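Q: Below are the sequence and a predicted model; questions follow.
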Amino acid sequence: MSRSHTDVTDQVENPACPVSEVLDRVAGKWAIGILVAAARGPVRFSELERAIDGISRRMLTLNLRKLEREGLLTRTVYPTVPPKVEYACTEMALELYETLLSLVDWATRHSGDIARAHAVYDTAHTVAPAP
């Protein structure tokens, strides 16, 4: 059963549900990179495009709209010719950014442990070739 079709009782009894819901919204392929780039201060579209390797203009636009809708970015349009548009993190996004830094720290500290666990698991579960 998909997350969008789970029973309400299951959601109330599962304390991880709010975490899953939030992660579904902000942990996309590009969203974290956008938030990290915008956390340094107001940033223009073209600056984001240069800062996030491999993102297309369309994906950047879609993700900016999504993050604005989620309340994580503000979009300010200045009445100039040509129009100047800046994106900035909200307080909520800056709090999330701090949490992301903690996650990056954890991943950095444990990446060797995870690699060793993979090697141990793969060795234990490798089927020997038939003679």
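A: Nice, I can see it. Numbering: from 1, shown residues only.
Q: which stretches of the chain have low pLDDT?
A: 1-13, 15-16, 128-131 (pLDDT under 70).
Q: pull the longest helix from it.
A: Under DSSP state H, the helix in the chain containing the largest number of residues is helix 91-124.
Q: so how far is it from its chain's centroid?
A: 14 Å (CA atoms, centre = their mean, to the nearest Å).
Q: cool, stretch 82-102 as well?
A: Counting by CA atoms, centre = their mean, stretch 82-102 comes out at 12 Å from the chain centroid.
Q: Buried ones in that stretch, by neighbour count?
A: E86, Y87, A88, C89, T90, A93, L96, Y97, L100 (16 or more other CB atoms under 10 Å). C-beta here means a position set from N, CA and C on the backbone, and glycine is covered the same way.
Q: Please apply the same query to stretch 25-36.
A: Buried residues in stretch 25-36 (16+ other CB under 10 Å): V26, G28, W30, A31, I32, G33, I34, L35, V36.
Q: what would these look like in TSV with secondary structure and distance to T61?
A: Below are the buried residues of stretch 25-36 laid out as TSV (DSSP: H, G, I helix; E, B strand; the rest coil; distance: CB to CB, whole Å):
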residue	secondary structure	distance to T61
V26	helix	17
G28	coil	14
W30	coil	11
A31	helix	13
I32	helix	17
G33	helix	14
I34	helix	11
L35	helix	16
V36	helix	18
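Q: List the contacts of V43.
A: For V43, the contact set (CB atoms under 8 Å, 6 or more residues apart in numbering) comprises A37, A51, E86, Y87, A88.
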